[in-house]
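Asks: give me a model of this one.
(2 chains)
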Amino acid sequence: MVQLQDVTKAYANGVVALRGVSLRVEPGEFVFIVGPTGTGKSTLLKLLYRAEVPTRGRVLVGDRDVTRLPAGAVAGLRRSLGVVFQDFKLLPGRTVFENVAFALRVIGTPREAIRPRVQRALDLVGLADRARHLPAHLSGGEQQRVSIARAIVNNPPLLLADEPTGNLDPNSSWEIMQVLSRVNLRGTTVIMTTHNKTVVDILRRRVIQLADGEIVRDQVRGLYALDA
Amino acid sequence: MRLTRSRRHPLGFLRGIGEDAASFAGDAAAGFRRNGLMTVAAVTTVMVALLVVGAAVLLGLNLTRIAAAVEAQVEVVAFLQEGLGADGGTRLSTALAGLPGVASVRYVTRDEALRRLRDHLGEGSAFQDLVTTNPLPDSIELQLTDPSVAPAVAQAVTRQPGVSEVTYGGQVVDRVVALSRSVRLVAGLLTAFLAGVALIVVVNTIRLTVIARRQEIEIMQLVGATRWFIRWPFLIEGVLQGGAAAAAAIAVLIVIYAVGISRLGATLPFLPLVGLREALEPVAGAVLLGGAGVGVLGSMIAIRRFLAT
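Replies: Numbering: from 1, shown residues only, chains lettered A, B, ... in the order given. You can find the predicted model right below:
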């Protein structure tokens, strides 16, 4: 599903976020990427949805070589994956339903196909009854679930989540993890960066630990830290 | 692996546009409300630039028309040596009429020449001296079959015995052509400068809308909207601004030109001016094209940075 081959990313300001990183994620996997702030976790995700281009090495998503993707093909790549952020990135002036429908509308989905698909996505994240609310009237956890619904409404085979529980209290974090697990059970590959030790230690999924832009651990059914 | 729906028609974005036409128009209207003053400034600046474009086109049209009229009137005038007499003049007329390129000749005596001069200048006290000692020579005016042969005919006429001097209207044509060329150059430079200013204002106005909708653009890009889908509303806004400026400029030009040609026509009736109806099409075409061009270019530049991935 995802492959990085000896990827190095140096930003224009000289910061080297990733150094010679290679990894492979199989379809259907659930992967945590852990490590302290500034170790390149977000950069790694950005390379996958082509918000950044690697300085060296190759990035493959599905059958696409993301490194060689012409600008016009980025839209196609983005339609094959969903992205969730720490700060939700919802449109404040639109209802929950409209926020999720927006993702389908702007890629030219036929009007009649939008409603049932948005409904299904909201059902999956457990927010069918909040469809008409504005984001501001929801809790943080609920807002994050809306953003997950938006990310998966197009049925992408890959979901990227960048610190999705970073702004949430423990209860809301669990709601999010349940939703992400449900999405993963449907066959969607999930790659999630996190600081949340509790979540990682309880779920026991594959853990990739980064330090200074390098992979220092890649462990199946791992814990947040080796000495934990 | 399961990828996205492969149901992607190459013109799929058009359907999206159709469905979203209402929301695009709504966005444009919202943009105007939000940046009303800035939009007025942009439209005004573009209009001023387009006024210059329109004025240049009008001036160019008229100069071309005048040059053509002068050219059509080109005649060669042969001034005769003194003492040739009426017989000599008639004989020379016949000889000149036989030259290639000459359509007709007219013999003008020195008395007739003086009468013409008096009609032209009006009766004055100084004129009485002239009547007694008429300094004008007899002359023969040659109408040509084609203005372009004027230099050759003038050459041939010079060689005829009894001819003292030859002039032809070619110099006037050259001067009018040179004038219209420099008008075009000055107008071109002025237009380029004003278009640059107009472009900067349009870019800044539309950038305000882009910034106001930054969140939406970011999410659109994230979920895979095509760049054209994202660009359309801004292009429409730009074209609307340019179009409004063009319409205003055309209205102003029509009023000014209508007044202008009626005034000029009254004082200089012999000037062959281009009529309003005839001038409207090329002027409106150039102005509309200029307005739409600045609008499209401005919005493309304004959104460019935000579309870079």
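Asks: show me what the lengthiest helix in chain A is packed against.
Replies: Looking across chain A with DSSP state H, the single longest helix is helix A:170-185. Counting contacts by 3 or more Cβ pairs under 8 Å, 6 or more residues apart in numbering or on different chains; DSSP states H and E, helix A:170-185 packs against strand A:30-34, helix A:111-124, helix A:140-152, strand A:158-162, strand A:189-194, helix A:197-203. Where C-beta positions appear, they are placed from N, C-alpha and C, glycine not excepted.
Asks: just the C-alphas of the fifth one, formatted as PDB.
Replies: The reference is to strand A:189-194. Provided in PDB are the C-alpha atoms of strand A:189-194 (Å, rounded to 0.1, in the frame of the first residue of the first chain):
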ATOM      1  CA  THR A 189      -5.100   1.000   5.800                       C
ATOM      2  CA  VAL A 190      -4.500   3.500   8.600                       C
ATOM      3  CA  ILE A 191      -1.300   5.300   9.400                       C
ATOM      4  CA  MET A 192      -1.400   7.500  12.500                       C
ATOM      5  CA  THR A 193       1.200   9.600  14.100                       C
ATOM      6  CA  THR A 194       0.800  10.100  17.800                       C
END
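Asks: please name the strands paired to that strand in the sheet, noting orientation.
Replies: Take DSSP bridges as the rule and strand A:189-194 pairs in its sheet with strand A:30-34 (parallel), strand A:158-162 (parallel).
Asks: mind putting those into a markdown table with mean pLDDT, distance to residue B:272 and mean neighbour count?
Replies: Listed next are the strands paired with strand A:189-194 as a markdown table, based on pLDDT from 0 to 100; distance: least, Cβ to Cβ, whole Å; neighbours: other Cβ atoms under 10 Å in any protein chain shown:
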| stretch | mean pLDDT | distance to residue B:272 | mean neighbour count |
| --- | --- | --- | --- |
| strand A:30-34 | 96 | 80 | 23 |
| strand A:158-162 | 97 | 73 | 24 |
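Asks: nearest to residue B:115, out of those strands?
Replies: Ranking these by distance to residue B:115, with Cβ to Cβ as the measure, places strand A:158-162 first at 98.3 Å.
Asks: just how off-centre is the closest one within its chain?
Replies: Offset of strand A:158-162 from its chain centre (Cα atoms, centre = their mean, to the nearest Å): 1 Å.
Asks: and it with helix A:140-152, angle?
Replies: Calculated by axes from the mean of the first three to the mean of the last three Cα atoms, to 10 degrees, strand A:158-162 forms an angle of 150 degrees with helix A:140-152.
Asks: can I have the longest helix of chain A written out in CSV, keeping just the CAs?
Replies: This file holds the C-alpha atoms of helix A:170-185, laid out as CSV (Å, rounded to 0.1, in the frame of the first residue of the first chain):
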residue,chain,number,x,y,z
PRO,A,170,-8.9,10.9,27.1
ASN,A,171,-12.5,10.0,26.6
SER,A,172,-12.7,11.7,23.3
SER,A,173,-9.4,10.1,22.3
TRP,A,174,-11.0,6.7,22.9
GLU,A,175,-14.0,7.6,20.7
ILE,A,176,-11.6,8.5,17.9
MET,A,177,-9.6,5.3,18.3
GLN,A,178,-12.8,3.3,18.2
VAL,A,179,-13.8,5.0,15.0
LEU,A,180,-10.3,4.5,13.4
SER,A,181,-10.3,0.9,14.4
ARG,A,182,-13.8,0.4,12.8
VAL,A,183,-12.5,2.1,9.6
ASN,A,184,-9.5,-0.2,9.6
LEU,A,185,-11.7,-3.3,10.1
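Asks: list the buried residues of it.
Replies: A:172, A:173, A:174, A:175, A:176, A:177, A:179, A:180, A:183, A:184 (16 or more other Cβ atoms under 10 Å in any protein chain shown).
Asks: can you put these in JSON lines and add pLDDT and distance to residue B:191?
Replies: What follows is these, written out as JSON lines (pLDDT from 0 to 100; distance: Cβ to Cβ, whole Å):
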{"residue": "A:172", "pLDDT": "94", "distance to residue B:191": "60"}
{"residue": "A:173", "pLDDT": "95", "distance to residue B:191": "62"}
{"residue": "A:174", "pLDDT": "95", "distance to residue B:191": "66"}
{"residue": "A:175", "pLDDT": "93", "distance to residue B:191": "62"}
{"residue": "A:176", "pLDDT": "96", "distance to residue B:191": "59"}
{"residue": "A:177", "pLDDT": "96", "distance to residue B:191": "63"}
{"residue": "A:179", "pLDDT": "96", "distance to residue B:191": "60"}
{"residue": "A:180", "pLDDT": "97", "distance to residue B:191": "59"}
{"residue": "A:183", "pLDDT": "96", "distance to residue B:191": "58"}
{"residue": "A:184", "pLDDT": "96", "distance to residue B:191": "61"}
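Asks: before we move on, the earlier item: just the residues contacting the longest helix of chain A, thanks.
Replies: A:28, A:30, A:124-126, A:139-141, A:144-145, A:148, A:152, A:159, A:161, A:164-165, A:168, A:190, A:192, A:196, A:198-199, A:203 (Cβ atoms under 8 Å, 6 or more residues apart in numbering or on different chains).
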